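A.B. asks: here is my input, please return the structure:
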Amino acid sequence: MPPLLVIDGDNFAHRAYHALPKTIRRADGGGAGAIVGFANFLLRFYQDARPRAVLVGWDTLTAPTYRQTLYPAYQGGREFADDLVEQLAVLPTFIAACGFVNAKAAGYEADDFLAAAVAAEEARGGGVLVASGDRDAFQLASDKTTILHPLKAGELARIGPAEVRARYGVEPRQVPDFIALRGDPADRLPGARGVGAKGAAALLRKYPTLEAALAAGQLAAQAEELRLYRRIATMDRAAPVPPLPDQAPSWDRAARLARDWRLTRLADRLAELSSAGGLSGSVAGVSGIAADSRRSI
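C.D. replies: Down below sits the predicted model:
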């Protein structure tokens, strides 16, 4: 059975925005670099995976997440250019025009929708490809789910449980515990005092979970802080996601939208795909759209 493809929309939109010229504009003068770059990513993922369906998860920038409510310092200090924010608001329209599904709701992050979609697809016996540049997503790796993690020069690493163990010395299910102990500077999580990556991995080799380590008397003075960090680092598999039946791409509709925006090269490529009844040949413009993500563990 073809896999479900789920994509961290904000992550790849940010990458595209910082990789492509800001001079790329739509007919109304609005920015288009993030849109074109994201489209290139999307077409590449689709070409490689030929998935049964696609879901793109999005952050909601206009409302705090439950993580920010629990810990106001979470992701503090981040500022996004108005041009990027406007394109983030427009991109779901393009995804829908392609015949794919968006997931976005106040209080949740894109990560949560990815996790919920993975949980639902694995429960029905399906496989999943998760496209995300955020290493938090490594907690989703399993025998049914592979993470597509962008590297430099347009390369993608395929991350499964063995790769998580090799990189961090922990199991995928332990990644939230690892983040809580080691910390995550990008998200403003300080971690346990005096415990780095090696110390966190060593502790989780001795104890299967952060809770087990705390029950054994480890880091008792920081117990409540660490429980909070772990909750923040854990993707919410109960986030609301729409139904995901099999999909047929509507490249013709996406081409018309791109032409309305006067994104001629993108429109021509989508029209060609529609005429061919699928994807053929190479997808231009993907290499090099791998600007470093702001988020990492």
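
A.B. asks: helix or strand with the lowest mean pLDDT in this structure?
C.D. replies: One helix or strand of the chain scores below all others by mean pLDDT, DSSP states H and E: helix 66-70, with a mean of 90.

A.B. asks: roughly how far is that helix from the heart of the chain?
C.D. replies: Taking Cα atoms, centre = their mean, to the nearest Å, the mean C-alpha location of helix 66-70 is offset from the chain mean by 19 Å.

A.B. asks: helix or strand next in line after it, which one?
C.D. replies: Beyond helix 66-70 on the C-terminal side, the first helix or strand identified by DSSP states H and E is helix 82-97.

A.B. asks: helices or strands up against that following helix?
C.D. replies: helix 9-19, helix 33-49, strand 53-57, strand 101-103, helix 251-260 (3 or more Cβ pairs under 8 Å, 6 or more residues apart in numbering; DSSP states H and E). To be clear about C-beta, it is placed using only N, CA and C from the backbone, and glycine gets the same treatment.

A.B. asks: I'd like to know which elements the last one is packed against.
C.D. replies: Okay, so that is helix 251-260. In this structure, helix 251-260 packs against helix 82-97, helix 264-276, with contacts taken as 3+ Cβ pairs under 8 Å, 6+ apart.

A.B. asks: so which of those gets nearest residue 184?
C.D. replies: Distances from residue 184 to each of these were compared by Cβ to Cβ, and the smallest falls on helix 82-97, at 22.2 Å.

A.B. asks: quick check: buried residues in the closest one?
C.D. replies: Of the residues in helix 82-97, those scored as buried under the neighbour-count criterion (16 or more other Cβ atoms under 10 Å) are 83-84, 87-88, 90-92, 94-97.

A.B. asks: send the alpha carbons of the least confident helix or strand of the chain over as PDB?
C.D. replies: What follows is helix 66-70 as a C-alpha-only set of coordinates in PDB (Å, rounded to 0.1, in the frame of the first residue of the first chain):
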ATOM      1  CA  TYR A  66      -0.700  25.200  24.700                       C
ATOM      2  CA  ARG A  67       3.100  24.900  25.000                       C
ATOM      3  CA  GLN A  68       3.500  28.700  25.300                       C
ATOM      4  CA  THR A  69       0.600  28.800  27.800                       C
ATOM      5  CA  LEU A  70       2.400  26.200  30.000                       C
END
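
A.B. asks: buried residues, it. List them.
C.D. replies: Within helix 66-70, the residues that qualify as buried by neighbour count (16+ other Cβ under 10 Å) are 66-68.

A.B. asks: and it, what does it pack against?
C.D. replies: helix 223-233.

A.B. asks: for the helix it packs on, which positions count as buried?
C.D. replies: Along helix 223-233, these residues count as buried under the neighbour rule (16+ other Cβ under 10 Å): 223, 225-226, 228-230, 232-233.

A.B. asks: phi and psi next, for the nearest residue to residue 75 once chain neighbours are set aside.
C.D. replies: Nearest non-adjacent residue to residue 75, counting by Cβ to Cβ, 6 or more residues apart in numbering: residue 187, 5.4 Å away. Here is the backbone geometry of residue 187 (degrees, to the nearest 10): phi -100, psi 0.
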